[in-house]
Structure formats: structure tokens, C-alpha cells
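>>> Return atomic coordinates for the entry below.
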Amino acid sequence: QVQLVESGGGLVQAGDSLRLACAASGRTNYGMGWFRQAPGKEREIVAAISGSGLAKYYADSVKGRFTISRDNAKNTMYLQMNSLKPEDTAVYYCATRTVAPISRNSYEYNYWGQGTQVTVSS
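Numbers count the residues shown, from 1 in each chain. This is a model prediction of the structure:
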């Protein structure tokens, strides 16, 4: 069983930065990802990273602004979010698979965190 705990969310202004962290228990060199869900919208992929950290995927809406990374020695995944926009407002979830390859599909993730709120004011 893997437990995931997100941190780092908050209320910021447009153009600001935030860094989310996802601390995992147990074995963690699996594919992981960040997803988000805004009110009234479906959950969507934000970024994903392979178990080794070598392969990364970004949604078009965050390319060039967000950076996903991981530190397997610390069992932690990060999402550096720069140039935040009001449309980035959502609950952000981290998730992990039980295999190493990267995936952009939420149904391929086995464990999920509780989520952290990110609110960007204009």
C-alpha cells in the first residue's frame, strides 16, 4: 500500500510561483503524475514522470511554465509552477502507478493523494 501526501498549495496572484510536493510512503520508483480538477470540470493530467525521472510529459496548457521532478532518495515528487494564471486554479492531486513507465492516463494510476488547493487570483 502506498500513501501519498501533497503539500505546497495556496493562494497566489497571477504571475507568481508555487512548488508542490508529493511525499510517498513505500517503494516509489514508479511512474507518477500530477493531475488537477477545477470546479465543474473533469480531472486532467498536468504532468507525468517515469520512475527513473528521465521521461516527462506536460499538458499543453502548462508547457514552459511547470516543471515536474522527483527525488527517489527522498520518496518525493515535485511540481514547480511558474507564471501562474487564474485558469490554473484547481485542486492538484499526485498519483502513482505500480510500474515504472510514464502515463498520461488517470485510469493507469493506482494510488492517489488527497489533493492540495491552488488558487490564482487575477
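>>> show me what contacts the nearest residue to Gly26 once chain neighbours are set aside?
Spatial nearest neighbour of Gly26, excluding adjacent residues (Cβ to Cβ, 6 or more residues apart in numbering): Val2 at 4.7 Å. Heads up, the C-betas are built off the backbone N, CA and C, glycines and all. Val2 sits next to Ala24, Ser25, Gly26, Arg27, Thr28, Thr96, Asn110, Tyr111 when contact means Cβ atoms under 8 Å, 6 or more residues apart in numbering.
>>> any idea how far Val2 is from Pro39?
Note on Val2: its distance to Pro39, by Cβ to Cβ, to the nearest Å, is 28 Å.
>>> ok, what's across the strand from the residue nearest to the spatial centre of the chain?
In the chain, the residue lying closest to the centroid (Cα atoms, centre = their mean) is Trp34, at 2.2 Å. Listed beta-bridge partners, Trp34: Ala47, Cys94 (assigned using DSSP bridges).
>>> quick one, what contacts it?
Contacts here follow Cβ under 8 Å, 6+ apart; on that basis Trp34 touches 20, 22, 45-48, 68, 77, 79, 92-95.
>>> ditto for Arg27
Val2.
>>> For it, which three-state class applies?
Secondary structure, DSSP: H, G, I helix; E, B strand; the rest coil: Arg27 is coil.
>>> now the strands for this structure?
Per DSSP state E, the chain carries strands over the ranges 4-7, 10-13, 18-24, 32-37, 44-49, 56-58, 66-71, 76-81, 90-96, 111-112, 116-121.
>>> With mean pLDDT and distance to Arg104 added, can I get the ones you listed in CSV?
Formatted as CSV, those follow (pLDDT from 0 to 100; distance: least, Cβ to Cβ, whole Å):
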stretch, mean pLDDT, distance to Arg104
strand 4-7, 96, 18
strand 10-13, 98, 26
strand 18-24, 97, 17
strand 32-37, 98, 7
strand 44-49, 98, 5
strand 56-58, 98, 5
strand 66-71, 97, 12
strand 76-81, 97, 15
strand 90-96, 97, 11
strand 111-112, 96, 15
strand 116-121, 98, 20
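>>> mind listing what Pro101 touches?
Going by Cβ under 8 Å, 6+ apart, Pro101 touches Gly31, Ser50, Gly51, Ala55.
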